[in-house]
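Colleague: okay, here's the prediction I keep looking at, along with the sequence it came from:
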Amino acid sequence: MVVLSSAAAVRDILELKAGLTGERPPNHVTSHVISRGGHTLWMSAKKSSLVKSKIYSHVLTSASTDSWLPVVEAESVAVLWNVMQKPDCFFNEMLRYAGSITRSHTYGKRVPTWEATDATGFNLEGYSKASHEIIHMSEPGATPPVDIFPFLLKLPRFMQSWRGHAEQLGETMREYSSILWEDLENRMKNGHTNGAWLEKAYQQYKKGNIDLEEDLLKYQGSIVLEAGLDTTASALQTILLASVLHPEAVANAQAEIDTVTNGTERLPSLSDIDQLPFCKAFVLEAMRWMPTAPSAVPHRNSEEIIYKSMIIPKDSTIIADVWNILHDVELFDRPDEFRPERYIQHKNGLKAGVDLPFRNNYSFGAGKRVCSGERMASNQLHELFFKMLWAFDFGQKNGPPPVEYTAGFIKAPKPFEASIRIRSPAHAVALKAAYDAEADYFERFEP
Ligand code: HEM
């Protein structure tokens with residue numbers, strides 16, 4: 001295994017040699033037992049490029065993603081509304097928000113509540129639990145090392161204690177993807193379209209223009225939902241955790257927001273970003289301070305690589321050590337502290353005098369398999385955070401919440417307490433008007 005612990009090594013090996021390092025190490029449990037070959041994240045570089053190009057690469061380009069900003073905007077107003085009514089729901093609202101946007105974008109139906117099963121039979125809480133478990137099962141140590149010792153797969157079934165659970169998870173995910181797909185199919189047959197990207201893929205498939213098996217196609221919408229759910233929600237939960245822990249940074253950010261919106265005259269939105277440098281820095285700092293994917297997702301090289309006179313043998317597992325890159329004392333001043341101003345002083349947050357090619361988004365991976373949804377995630381984070389800063393005061397309940405994270409590829413803060421309250425009666429009135437103005441979207445995307 002090769003661990004890349006500098007930005008320069010990530011650039012030289014994963015980016016400049018992307019053609020050689022775009023494979024994934026084998027992950028038999030997730031890619032075969034759970035998803036029967038349908039999970040894009042664990043496909044070979046060739047198959048993943050093929051599936052993405054036939055179905056959804058074009059819908060995650062910047063222009064196409066930005067055309068969904070009205071949906072992002074409406075869902076962020078819904079979050080404000082829900083948190084104003086029930087302040088303690090803020091943690092799960094981040095999951096509902098990310099899930100609702102990705103489901104609307106993909107299937108044309110929103111997710112109005114986190115815990116309830118809707119009229120189509122879909123339940124986001126159940127789906128998220130299964131998707132969480134799948135991520136967990138794909139991590140080293142969660143199952144016996146079947147990729148290193150394949151003979152373990154030949155043991156009698158009663159000696160493979162993990163297998164029943166993995167198969168059950170696969171079944172659960174296939175049931176969810178069928179519910180989502182059949183609902184889309186019924187909607188299409190009844191002529192009720194609203195622009196979701198799978199509508200086009202469905203039509204093309206029915207005309208025989210997409211040469212993929214139906215099961216694989218059916219599964220892809222659910223994979224995109226899975227990819228955009230825990231990741232985006234976890235980044236938002238980190239932003240909220242930082243907001244509760246750092247009132248002075250929130251005060252700076254709110255001063256910027258209030259100037260741009262002239263108090264309660266209007267709600268801010270992503271289009272204000274150029275006038276909100278500190279708010280933007282806050283988001284960057286949250287993603288550096290506690291990156292959602294601290295070791296990204298492993299890559300593998302299809303040919304031997306020689307790097308600075310070291311040999312990386314063919315088929316090595318290559319890991320970008322995002323956490324250490326973003327907490328390197330040589331690059332960042334007091335890297336363990338949450339200090340958004342570092343991104344005001346330097347566009348990449350680097351210490352004075354440090355000059356090297358660097359980018360702010362290692363959390364989204366690198367090279368050929370870099371996250372396809374980065375723009376979508378970035379839009380969601382900024383749109384919602386700007387609006388939450390406008391609407392709420394972020395207080396502590398029973399002292400500062402602990403900075404405790406779940407283990408695994410995707411790290412999220414453990415649920416924490418906070419007192420998130422509307423800033424004034426005038427904010428409540430303006431929020432009600434904004435919520436009422438989104439009625440048309442809620443109706444068009446209602447399940
Ligand atoms: C803050 C939110 C997100 C984070 C931190 C994140 C992070 C990642 C990472 C680390 C990878 C693997 C990259 C690599 O192997 O180098 C990945 C892959 C992927 N992401 Fe994201 N992601 C986020 C949101 C999203 C969203 C919103 C979508 C879609 C709507 C999405 C779709 C995908 C897909 C399809 C892949 C598979 C790429 C492949 O294997 O070829 N992600 N993401």
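Modeller: Cool, the structure landed. Numbers count the residues shown, from 1 in each chain.

Colleague: alpha carbons only for contacts and neighbour counts from here, please
Modeller: Fine.

Colleague: report pLDDT for His58.
Modeller: With respect to pLDDT, His58 scores 86.

Colleague: residues contacting it?
Modeller: Applying C-alpha atoms under 8 Å, 6 or more residues apart in numbering, one finds that His58 lies in contact with Ser64.

Colleague: ok, Ile210 - contacts?
Modeller: Contacts for Ile210 (C-alpha under 8 Å, 6+ apart) come out as 54, 201, 204.

Colleague: 7 Å - rerun?
Modeller: Contact analysis of Ile210 by C-alpha atoms under 7 Å, 6 or more residues apart in numbering lists 54, 204.

Colleague: for it, helix, strand, or coil?
Modeller: Per DSSP: H, G, I helix; E, B strand; the rest coil, the secondary structure class of Ile210 is coil.

Colleague: Trp114 and Asp315, how far apart?
Modeller: 41 Å (C-alpha to C-alpha, to the nearest Å).

Colleague: quick one: which of these two has more around it?
Modeller: Trp114 (21 against 18; other C-alpha atoms under 10 Å).

Colleague: just to check, the more buried one is in contact with Met94?
Modeller: No - Trp114 lies out of contact with Met94 (C-alpha atoms under 7 Å); the separation is 9.5 Å.

Colleague: now the nearest residue to Thr21 once chain neighbours are set aside: phi and psi?
Modeller: Once flanking residues are discounted, Thr21 sits nearest to Asn301: 4.2 Å by C-alpha to C-alpha, 6 or more residues apart in numbering. Backbone torsions of Asn301, given as degrees, to the nearest 10, read phi -100, psi 140.

Colleague: for Asn301, what are its contacts?
Modeller: Per C-alpha under 7 Å, 6+ apart, neighbours of Asn301: 20-23, 314-316.

Colleague: on that earlier part again, can you list residues touching both of Trp114 and Met94?
Modeller: What both Trp114 and Met94 touch, as defined by C-alpha under 7 Å, 6+ apart, is an empty set.

Colleague: just the buried positions in stretch 40-60, please.
Modeller: Of all the residues in stretch 40-60, those buried under the rule 16 or more other C-alpha atoms under 10 Å are 40-45, 48-49, 51-52, 54-56, 59-60.

Colleague: the ligand next: which of those are close?
Modeller: By C-alpha under 6 Å from any ligand atom, the members of the buried residues of stretch 40-60 lying near the ligand are 40-41, 48.

Colleague: near the ligand, which residues of this structure?
Modeller: So the chain meets the ligand at 40-41, 48, 224, 227-228, 231-232, 235, 292-293, 296-297, 363-366, 369-374, 376-377 (C-alpha under 6 Å from any ligand atom).

Colleague: keep only those of the residues you listed that are in helices.
Modeller: 48, 224, 227-228, 231-232, 235, 374, 376-377 (DSSP state H).

Colleague: just checking, Asp12 is part of a helix?
Modeller: Yes - assessed with three-state DSSP, Asp12 lies in a helix.

Colleague: burial count for it?
Modeller: When neighbours are counted by other C-alpha under 10 Å, Asp12 comes out with 13.

Colleague: report pLDDT for it.
Modeller: Value for Asp12, per-residue pLDDT: 96.

Colleague: now it: how far from the ligand?
Modeller: Taking C-alpha to the nearest ligand atom, to the nearest Å as the measure, Asp12 and the ligand are separated by 14 Å.

Colleague: try Pro447
Modeller: For Pro447 relative to the ligand (C-alpha to the nearest ligand atom), the value is 20 Å.

Colleague: can you give me the strands for this structure?
Modeller: Along the chain, the segments classed as strands by DSSP state E run 2-4, 299-300, 305-307, 310-312, 317-320, 392-395, 419-422.

Colleague: now flag whichever of the buried residues of stretch 40-60 is closest to the ligand.
Modeller: The closest of the buried residues of stretch 40-60 to the ligand turns out to be Leu41 (C-alpha to the nearest ligand atom; 3.7 Å).

Colleague: contacts only, for that closest one.
Modeller: Taking C-alpha under 7 Å, 6+ apart, one finds nothing in contact with Leu41.

Colleague: okay, it and Cys371: tell me how far apart.
Modeller: Using C-alpha to C-alpha, we find Leu41 at a distance of 10 Å from Cys371.

Colleague: then Thr65?
Modeller: Distance from Thr65 to Cys371, by C-alpha to C-alpha: 14 Å.

Colleague: can you show me the helices along the stretch 251-400 of the chain?
Modeller: 277-289, 322-326, 342-345, 374-391 (DSSP state H, counting those that start in this stretch).

Colleague: tally up the residues packed near the residue nearest to Gly349 when sequence neighbours are not counted, please.
Modeller: Of all residues not flanking Gly349 in the chain, Tyr343 sits nearest, at 4.2 Å (C-alpha to C-alpha, 6+ apart). For Tyr343, the count of nearby residues is 21 (other C-alpha under 10 Å).

Colleague: what do you get for Val146?
Modeller: Every residue meeting other C-alpha under 10 Å relative to Val146 is counted, giving 15.

Colleague: swap in the one 3 residues further on?
Modeller: Residue neighbour count, defined by other C-alpha under 10 Å, stands at 9 for Phe149.

Colleague: please apply the same query to Ala242.
Modeller: 23.

Colleague: for Glu374, same thing?
Modeller: Taking other C-alpha under 10 Å as the criterion, the count of residues near Glu374 is 20.
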